[in-house]
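S.K.: structure, please.
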Amino acid sequence: MSGETTLVRAARRLLARGLKHVLVKKGESGAVLFSGERTLFIPAYPLEEVRDPTGAGDAFAGAFIGALAERGCTNLEDLFAAALSGSSVASFAVESFGADGLARLTKAQAISRREQLLSMIHPFPVKD
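M.R.: The predicted model follows:
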């Protein structure tokens, strides 16, 4: 899409073409959100067992778009929160075969896992 061979160069090239934000999913390695001079990492939820990765990307995308629609905005903070939601829901998708894990998923469970992801990124204030 960008003609570049590294993730950072590809994102920078796409941003230079006029995109405001670039989100790159990296499977079990999480996702990276690029926006101007900011680069944000969204982790994948650490699971002891992955039963079936089929549909994880679709689950991520569906939760991401749903979260953006619910927030009604596309600023960087909303995109980051939506990507955390995507990562959360994708983790439920891979814990069972087919769509079973998603069929039983509640919004409260997805929010709880999203909050766990956030605490993994920013567990406590960094002091000098």
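S.K.: least trustworthy helix or strand in the protein by mean pLDDT?
M.R.: Of all the helices and strands that make up the chain, helix 100-103 has the lowest average by mean pLDDT, DSSP states H and E, namely a mean of 82.
S.K.: could you pull out the buried residues of it?
M.R.: Of the residues in helix 100-103, those buried by neighbour count under the rule 16 or more other Cβ atoms under 10 Å are 101-102. Backbone N, C-alpha and C define where each C-beta goes, glycine included.
S.K.: now the strands for the protein?
M.R.: Listed in chain order, the strands found in the chain under DSSP state E are 22-25, 31-35, 38-42.
S.K.: got JSON lines for those strands, with distance to Glu4 too?
M.R.: Formatted as JSON lines, the entries for the strands of the chain read as follows, by distance: least, Cβ to Cβ, whole Å:
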{"stretch": "strand 22-25", "distance to Glu4": "12"}
{"stretch": "strand 31-35", "distance to Glu4": "12"}
{"stretch": "strand 38-42", "distance to Glu4": "15"}
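S.K.: to Arg51, which of these lies closest?
M.R.: strand 22-25 (19.5 Å; Cβ to Cβ).
S.K.: quick one, what contacts Ser33?
M.R.: That one is not Ser; residue 33 is Leu. For Leu33, the contacting residues are 21-24, 39-42, 76, 79-80, 83, taking Cβ atoms under 8 Å, 6 or more residues apart in numbering as the criterion.
S.K.: swap in 7 Å and give it another go.
M.R.: 21, 23, 40, 42, 79-80, 83 (Cβ atoms under 7 Å, 6 or more residues apart in numbering).
S.K.: and for it, nearest residue in space, chain neighbours not counted?
M.R.: In this structure, Leu33 finds its nearest non-sequential neighbour in Leu40, 4.4 Å apart by Cβ to Cβ, 6 or more residues apart in numbering.
S.K.: quick check: pLDDT value at that neighbour.
M.R.: Listed pLDDT for Leu40 reads 94.
S.K.: so it versus Lys107, what's the distance?
M.R.: Between Leu40 and Lys107 the distance is 24 Å, computed by Cβ to Cβ, to the nearest Å.
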